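[1] Here is a sequence with its predicted model. Questions after.
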Amino acid sequence: MTTIETPILPLRQQFIGNRETLDLKAICIFAATGFFMGADTYYQEQKVLLPGKRYVLDGEKIVSESAAFTWYHTPVERPFEQVVTEFAQLFETIIEEQVGNQKVILPLSGGLDSRTQAAALQYLQKDVHAYSYELAHGHPETRYSEQIAAVCGFPFQKMTIPEGYLWESIEKIASINGCYTEFTHPRQVAVMEQWETMGDVFCLGHWGDVLFDDMKVAEELSFEGQVNVLFHKVLKKMGVPFAEALWKHWHLEGDFSTYLRERITAGLRAINIPNSANAQIRAFKSLYWAPRWTAINLSFFEAMKPMGLPYFDNRMCAFICSVPERYLAGRHLQIAYIKLRNPALAKITWQDHRPFNLYHYSWNKMPWNLPFRVFQKLNHTVFTKKLVKNNYENQFLGTANATQLRQWLYENPAFDSLIDPAIVKHFYSGFQQEHLKYSHVVSTLLTLSVFAKREAAE
């Protein structure tokens, strides 16, 4: 007998059971949402160990399962300044434990999670090498990252995600993430070899944006209202029509939308945080999105170096459960921490609220943001309209990319056995007419084609 206690936010999937019969209902949810829900995998007999659980295992059999952690919302009223101090002490303690005296590799963006880490690492006087990347022929996404690194005194490396990188890396992606996310997302595979000489350990900011914000709903939102919010949040563009086509093709009982809603309802009801809709939705996302979507592509970082993820730490999850919602809403806690530890970082533009920084972002509304909005409109119309904005543009558009994509969609016998070629043709034709609208579906078709080929080879 073996006892396993899973983290509240697992860094990786732990599988149990054999790979035998395809779980077609689970694959339909993957097709619609981009991730597998709960313990689902591609196979009926194989499951993933759930977050925050204590399992007793007998080989590949689960003997017993109990809760090791249950999400809750018990806010302790205290001054905001005290909460900031508590967060600072906890955050810095976790980072110190995770990176120690090793050289840190820090991915930066123009958002708040990595900026909060930069403030902590600079305050702790760690040896840091920062980097950021942007798409070839795309917007200058590294602009604010470079400024953050300069303020902190970190060496900085700008990287470019090249056009068409996907095709020479596709087998590598599949072997690392097991086809558990579609292939437009792990663009870091294009630069991962450059990490080799940059440092010893990653410090990654994943999930901070969920833990340290509200869910943009009224606290008193009804249970049914929360189900409706989550139902629409989980779906990707054209996800329902795609899943319904597969559901019908595979002759599954009932209908897809009802099945997905039932799964969401059951998952949300099991959480049971009646005093805060925001906390309950945050808990749902942490139980379902974090381990089955966000964490999947952590495997690319882990393939190269050890990882530290301060927001994934069990203590951080427990801390969040004690913080009043009004302190989390609008990212107030992280903003206050950055101002406390490095005011110069707070003066750099917050990308989501351009052109305002952390001292003035509340001005991002009419009439104060009108000049910038007019400038952005003119700039887009005249100069930047043709710049690459989305991953799929560099991966799927253009003659060379289209040739590779069609080979995977139309010249893979194993894929033809899994999905009716007429379904593939229908959605790919839609993509040719409306790229953005159908990009998720086409990327998922590609992922399933690679999965089918790997399955047939085993």
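    Received, thanks.
[2] Where do the strands of the stretch 251-400 of the chain begin and end?
    307-308 (DSSP state E, counting those that start in this stretch).
[3] so where's it shaky on pLDDT?
    Residues of the stretch 251-400 of the chain meeting the criterion pLDDT under 70: 368, 370-386, 388.
[4] show me where it has helices.
    Using DSSP state H, counting those that start in this stretch, the helices assigned to the stretch 251-400 of the chain run over residues 256-271, 277-289, 298-302, 314-320, 325-328, 332-341, 343-346, 370-379, 391-396, 399-410.
[5] Minimum distance to Tyr180: which of the ones you listed has it?
    helix 298-302 (9.0 Å; Cβ to Cβ). C-betas here are computed from N, CA, C, even on glycine.
[6] Next up, the contacts around the residue nearest to Asp214 when sequence neighbours are not counted.
    Distances taken as Cβ to Cβ, 6 or more residues apart in numbering put Ala329 closest to Asp214, at 3.9 Å, once the chain neighbours are dropped. Counting by Cβ atoms under 8 Å, 6 or more residues apart in numbering, Ala329 touches 213-214, 278.
[7] got those as CSV, with distance to Gly164 columns?
    Listed next are the contacts of Ala329 as CSV, based on distance: Cβ to Cβ, whole Å:
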residue, distance to Gly164
Asp213, 35
Asp214, 40
Asn278, 42
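[8] Buried residues of the longest helix anywhere in the chain, list them for me.
    Using DSSP state H to define each element, the chain has its longest helix at helix 435-457. Buried positions in helix 435-457, judged by neighbour count with 16 or more other Cβ atoms under 10 Å: 438-453, 455.
[9] how does the chain divide into domains?
    1-70+220-275, 80-212+294-362, 397-457 (automatic domain parsing).
[10] re earlier: can you tell which of the helices of the stretch 251-400 of the chain is closest to Tyr361?
    Nearest to Tyr361, of the helices of the stretch 251-400 of the chain and by Cβ to Cβ, is helix 332-341 at 8.1 Å.
[11] where's the closest one relative to the chain centroid, distance-wise?
    The chain centroid and the centroid of helix 332-341 are separated by 23 Å, computed with Cα atoms, centre = their mean, to the nearest Å.
[12] Quick check: which helices or strands does that helix pack against?
    Judged by 3 or more Cβ pairs under 8 Å, 6 or more residues apart in numbering; DSSP states H and E, the packing partners of helix 332-341 are helix 80-99, helix 113-123, helix 343-346.
[13] Could you list every helix and strand that the first one packs against?
    Other elements packing on helix 80-99 under the criterion 3+ Cβ pairs under 8 Å, 6+ apart are helix 113-123, strand 201-203, strand 307-308, helix 314-320, helix 332-341.
[14] Of the domains of the chain, flag the one that's most buried.
    domain 80-212+294-362 (a mean of 19; mean count of other Cβ atoms under 10 Å).
[15] Okay, Ala136 and Val191: tell me how far apart.
    The gap separating Ala136 from Val191 is 12 Å, by Cβ to Cβ, to the nearest Å.
[16] Is Cys317 in contact with Tyr72, as I believe?
    No - taking contacts as Cβ atoms under 8 Å, Cys317 lies outside contact range of Tyr72: 10.3 Å.
[17] Could I get the contacting residues of the nearest residue to Ile29 once chain neighbours are set aside?
    Leaving out its chain neighbours, the residue that sits closest to Ile29 by Cβ to Cβ, 6+ apart is Met37, at 5.2 Å. Taking Cβ under 8 Å, 6+ apart, we find Met37 in contact with 26, 29, 263, 267, 288, 292.
[18] Equivalent analysis for Cys317, please.
    8-9, 69, 71, 211, 286.
[19] again, but for Asn390
    Contacts of Asn390 by Cβ under 8 Å, 6+ apart are 184, 436, 439.
[20] Tabulate those residues (CSV), appending distance to Asn401.
    Formatted as CSV, the contacts of Asn390 follow (distance: Cβ to Cβ, whole Å):
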residue, distance to Asn401
Thr184, 12
Leu436, 15
Ser439, 12
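[21] picking that back up, would CSV of the helices and strands packed on helix 332-341 with distance to Glu224 be doable?
    Shown next, in CSV, are the helices and strands packed on helix 332-341 (distance: least, Cβ to Cβ, whole Å):
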stretch, distance to Glu224
helix 80-99, 32
helix 113-123, 32
helix 343-346, 40
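[22] To Glu196, which of the ones you listed lies closest?
    Among those, helix 80-99 sits nearest to Glu196 (Cβ to Cβ), with 17.8 Å.
[23] rewinding a little: between Ala136 and Val191, which contacts overlap?
    With Cβ under 8 Å, 6+ apart as the test, Ala136 and Val191 both reach Ile161.
[24] so how far is Leu287 from Val210?
    11 Å.
[25] contacting residues around the strand or helix carrying Ser145?
    Per DSSP states H and E: Ser145 is located in helix 143-152. With contact meaning Cβ under 8 Å, 6+ apart, helix 143-152 is reached by 108-110, 114-115, 118-119, 121-122, 128, 130-132, 155-156, 158, 342, 344-345, 348-349, 351.
[26] before we move on, what about stretch 341-361?
    88, 109-112, 115, 118-120, 122-123, 144, 147-148, 151-152, 335, 338-339, 362-364, 369, 372.
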